[in-house]
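Q: my questions are about this predicted structure, shown below with the sequence.
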Amino acid sequence: QVQVVESGGGLVQVGGSLRLSCAASGRTFSRYGMGWFRQAPGKEREFVGGINWSGDTGYAGSVKGRFTISRENAKNTMYLQMNSLKPEDTAVYYCAASGPYGGIYVSAERYNYWGQGTQVTVSS
């Protein structure tokens with residue numbers, strides 16, 4: 001069983017940066033595939049990016065080159081560094097964990113554990 005908790009959301013101006021954190025419980029975090037999703041008002045939840053157990057990353061086209069995912073296994077934490085933020089990045093951001101030796105999955109159905117989300121608002 002893994003529990004994940006997001007933090008770091010807030011209000012930022014267009015072009016600014018934020019770093020989200022995802023703290024996970026459990027001794028097997030280092031072997032889990034992890035992902036970030038977001039959901040804007042009136043829209044479906046969408047894949048932002050993910051990182052597999054060996055540290056490989058993948059991103060949605062809309063954030064590639066602006067967002068960076070990393071993990072610090074010693075701290076059971078995953079990060080989402082968001083740069084050059086745009087108003088369309090405004091959403092609730094969710095952290096998710098798939099399973100042991102998990103890959104980078106675009107589908108939310110592949111993730112078994114979810115956080116409560118953290119709000120990111122980009123003002124223009």
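A: Perfect, thanks for sending it.

Q: element containing the residue positioned nearest the centre of the chain?
A: In the chain, the residue lying closest to the centroid (Cα atoms, centre = their mean) is residue 36, at 2.4 Å. Using DSSP states H and E, residue 36 sits in strand 32-39.

Q: list the buried residues in that strand.
A: For strand 32-39, burial by neighbour count (16 or more other Cβ atoms under 10 Å) applies to 32, 33, 34, 35, 36, 37, 38. All C-beta spots, glycine's among them, are computed from the backbone N, C-alpha and C.

Q: straight-line length of stretch 20-32, end to end?
A: This stretch, stretch 20-32, spans 18 Å end to end (Cα to Cα, to the nearest Å).

Q: correction: stretch 30-44
A: Stretch 30-44: ends 29 Å apart by Cα to Cα.

Q: any figure for the gap between the residue nearest to residue 72 when sequence neighbours are not counted and residue 17?
A: Spatial nearest neighbour of residue 72, chain neighbours left out: residue 79 (7.3 Å); criterion: Cβ to Cβ, 6 or more residues apart in numbering. Going from residue 79 to residue 17 by Cβ to Cβ, to the nearest Å gives 12 Å.

Q: for the protein, which segments count as strands?
A: 4-7, 10-13, 18-24, 32-39, 46-51, 57-59, 67-72, 77-82, 91-100, 113-114, 118-123 (DSSP state E).
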